[in-house]
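Enquirer: here you go, sequence then predicted model.
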Amino acid sequence: MHSSIQRVFLSIGLLILSVLIGVGGFMIIEDYGLNDAFFMTAITISTVGYNVVQPLSPTGQIFTGIYIFFNLGILAYVVSVITTYIFEGELNHFLKKYRMVKELKKINDHVIVCGYGRNGSKACEELDNSNVPFVLVERDPESVEGVLKRYNILIGEATHDEVLKDAGIDKAKAIITTLPSDADNVFITLTAKELNPNIQIIARASEENTTNKLRRAGANKVVMPDAVGGIHMAQLITKPYVIEFLDLFTGTENSQFALEEVPYNSLKTPFKDKSIRELDIRNKTGATLVGFKDDIKGFLFNPSPDMLVGPDDVMILLGSHSDINTFRELYVND
């Protein structure tokens, strides 16, 4: 539970405790009835200055004096909590989070992105461009001000179980953890696997020795951005044209070309269990089948035209965005 909410409940609890002490004290010491004891407690706490129900005994006067000083501290604390909530936006933040959590309960089969740093922001951008539903978990509200209206954002610590539960970890299909701390990424991986054993986990690592820890923790894929970036920079020298070609459809150069993966289950019924030749993808759409993942043989490049597309197979296509869109309209279920 958020610390600010804890303070609110603590202040309410202190007020209730104070009322119980006052009512009980006046009933025991002054032999007041319940109504009179409550009235005396109310005017003492509020310091409105009404007359007492009946003259107080010496013991009652001492109790009342101590009780007044006791309530001054409680009132000061309650006022500070309320002031923080109203004037510092805590209440507004709580209501926003409540509404967001309520909306997130409607999302299924989504991706959770932990952290909106350099890697997390790019992950969110790619998911958004691909129309994949996702929830961003970020602890710093200021860092996500520019995308509040575009993304589903949950403000909180991704290392906390309750935050991941609010993000719908039990219904998510994947989680991408991009926090700068390898220890945090390992912890999130362990937690995610515990809360949803079937979830796919993509984890970021800064150190080489962390990759094995993340895999043992349950990560399906581990990415080292610094290592990948260094290799990419070196290959711009050693294999410049290969990299230039790859950049055409990876999105790094804002190219019109794109790669698309098409699983068997997404195909329309007339195109299932057909050979690549029978599908005739290139002539009908302009897209090219460049790769094929067979459920038994694994990845195949430049597959035979006679190969059948069966259950658990995946086709990988290369083409312009218009070619890919044409393919999806003709071959893929909505």
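Expert: Sure thing, it's come through. If you're wondering where the values come from, they're calculated on a predicted model, not measured in any experiment.

Enquirer: where exactly do the strands run in the stretch 101-250 of the chain?
Expert: Counting by DSSP state E, counting those that start in this stretch, one finds strands in the stretch 101-250 of the chain at the ranges 111-114, 134-138, 152-155, 174-177, 200-204, 221-223.

Enquirer: could I get these as a markdown table with distance to residue 300, mean pLDDT and mean neighbour count?
Expert: From N, CA and C alone the C-beta is placed, and that goes for glycine too. Shown next, in a markdown table, are those (distance: least, CB to CB, whole Å; pLDDT from 0 to 100; neighbours: other CB atoms under 10 Å):
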| stretch | distance to residue 300 | mean pLDDT | mean neighbour count |
| --- | --- | --- | --- |
| strand 111-114 | 28 | 96 | 26 |
| strand 134-138 | 31 | 93 | 25 |
| strand 152-155 | 38 | 87 | 20 |
| strand 174-177 | 25 | 96 | 26 |
| strand 200-204 | 23 | 96 | 23 |
| strand 221-223 | 21 | 94 | 16 |
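
Enquirer: could those strands go into a markdown table alongside distance to residue 311?
Expert: Compiled in a markdown table, the strands of the stretch 101-250 of the chain are given as follows (distance: least, CB to CB, whole Å):
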| stretch | distance to residue 311 |
| --- | --- |
| strand 111-114 | 24 |
| strand 134-138 | 28 |
| strand 152-155 | 33 |
| strand 174-177 | 22 |
| strand 200-204 | 20 |
| strand 221-223 | 24 |
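
Enquirer: scan this structure for its longest helix.
Expert: As assigned by DSSP state H, the longest helix anywhere in the chain is helix 58-87.

Enquirer: quick check: buried residues in that helix?
Expert: Residues of helix 58-87 classed as buried: 60, 63, 64, 67, 70, 71, 75, 78, 81, 85 (neighbour count, 16 or more other CB atoms under 10 Å).

Enquirer: how much space separates the second one from residue 330?
Expert: Distance from residue 63 to residue 330, counting by CB to CB, to the nearest Å: 86 Å.

Enquirer: quick one, what contacts residue 210?
Expert: 182, 185, 186, 222 (CB atoms under 8 Å, 6 or more residues apart in numbering).

Enquirer: which one of the strands of the stretch 101-250 of the chain lies closest to residue 235?
Expert: Nearest of those to residue 235, taken as CB to CB: strand 221-223 at 17.0 Å.

Enquirer: what strands line up against the closest one, and which way round?
Expert: strand 200-204 (parallel) (DSSP bridges).

Enquirer: hey, what's the closest residue to residue 153 other than its chain neighbours bridged with?
Expert: In space, and not counting its chain neighbours, residue 153 is closest to residue 136: 4.8 Å by CB to CB, 6 or more residues apart in numbering. With DSSP bridges as the criterion, residue 136 is bridged to residue 113, residue 153.

Enquirer: picking that back up, quick one: which of the contacts of residue 210 has the most company?
Expert: Of all these, residue 185 has the most neighbours under the rule other CB atoms under 10 Å, reaching 28 neighbours.

Enquirer: what separation is there between that one and residue 300?
Expert: Distance from residue 185 to residue 300, counting by CB to CB: 33 Å.

Enquirer: for the nearest residue to residue 215 once chain neighbours are set aside, what are its contacts?
Expert: Spatial nearest neighbour of residue 215, excluding adjacent residues (CB to CB, 6+ apart): residue 222 at 6.2 Å. By CB under 8 Å, 6+ apart, residue 222 lies in contact with 203, 204, 205, 210, 211, 214, 215.

Enquirer: restricted to helices, list these.
Expert: Counting by DSSP H, these contribute 210, 211, 214, 215 to helices.

Enquirer: quick one: which of the strands of the stretch 101-250 of the chain is nearest residue 12?
Expert: Nearest to residue 12, of all the strands of the stretch 101-250 of the chain, is strand 152-155, at 23.8 Å by CB to CB.

Enquirer: just the CA atoms of the closest one, as CSV, please.
Expert: Once non-C-alpha atoms are left out, strand 152-155 reads as follows in CSV (Å, rounded to 0.1, in the frame of the first residue of the first chain):
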residue,chain,number,x,y,z
ASN,A,152,-1.5,3.0,-20.2
ILE,A,153,0.8,4.1,-17.4
LEU,A,154,0.9,2.8,-13.8
ILE,A,155,3.1,4.9,-11.5
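
Enquirer: if anything else comes up later, I'll come back, but that's it for now.
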